[in-house]
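Engineer: what's the 3D shape of this:
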Amino acid sequence: MSFLSDNLLPHIIFAEDNPDHAFLIRRVLEPHCVLTYASDGEQLLETLESWMDELPRLVLIDVNLPRLSGLEVLEKLRQKPEWQLVPMVVFSTSKLRLEVERALSAGANSFVVKPAKFTEFREVLEHIVLYWTKINATPS
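Structural biologist: Okay, here's the model as predicted:
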């Protein structure tokens with residue numbers, strides 16, 4: 001049974017440069033969500049700036065993306081009115097307080113550290129998606 005238990009699958013965009021982490025995110029979320037993937041910050045920004053469909057329910061962003069960092073993408077997107085209310089969560093291996101503070105200042109709704117164990121990774125990711133697509137009342 002889907003942890004979201006809804007016939008309408010939420011659209012989630014995620015940016016991840018680590019192929020193993022991208023695989024794990026897909027493995028956890030594909031049965032429950034419609035996913036759009038970007039492997040670097042420029043690709044993510046291009047995807048989001050040219051977005052024509054209904055806005056995604058969630059954007060998951062890694063901090064250390066090539067070409068443009070996740071923080072740079074956040075700063076650019078939060079300047080655009082259409083992206084102000086879309087939940088953007090930084091999902092990163094970084095635990096540096098400075099990066100957490102910078103991400104939140106740049107407009108991240110949350111900063112979550114990726115667990116090392118797959119079972120915890122899956123559980124945390126499921127909780128993020130459940131909260132931001134079902135529990136949170138942010139309009140989309």
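Engineer: from here on, contacts and neighbour counts on C-alpha atoms
Structural biologist: OK.
Engineer: spatially central residue in the chain, please.
Structural biologist: Residue closest to the average C-alpha location in the chain (C-alpha atoms, centre = their mean): Leu60, at 0.7 Å.
Engineer: so that one, which of the three states?
Structural biologist: Leu60 falls in the strand class when you classify it by DSSP: H, G, I helix; E, B strand; the rest coil.
Engineer: chain neighbours aside, what residue packs nearest to it?
Structural biologist: Using C-alpha to C-alpha, 6 or more residues apart in numbering and skipping the chain neighbours, the partner closest in space to Leu60 is Phe14 (4.5 Å).
Engineer: assumed the one you found was part of a helix.
Structural biologist: No - assigned with three-state DSSP, Phe14 falls outside any helix and is strand.
Engineer: so which residues of this protein form helices?
Structural biologist: Secondary structure of the chain by DSSP state H: the helices cover 19-29, 41-49, 70-78, 97-106, 118-130.
Engineer: just name the most buried of those helices.
Structural biologist: Highest mean neighbour count of those: helix 70-78, a mean of 21 (counted as mean count of other C-alpha atoms under 10 Å).
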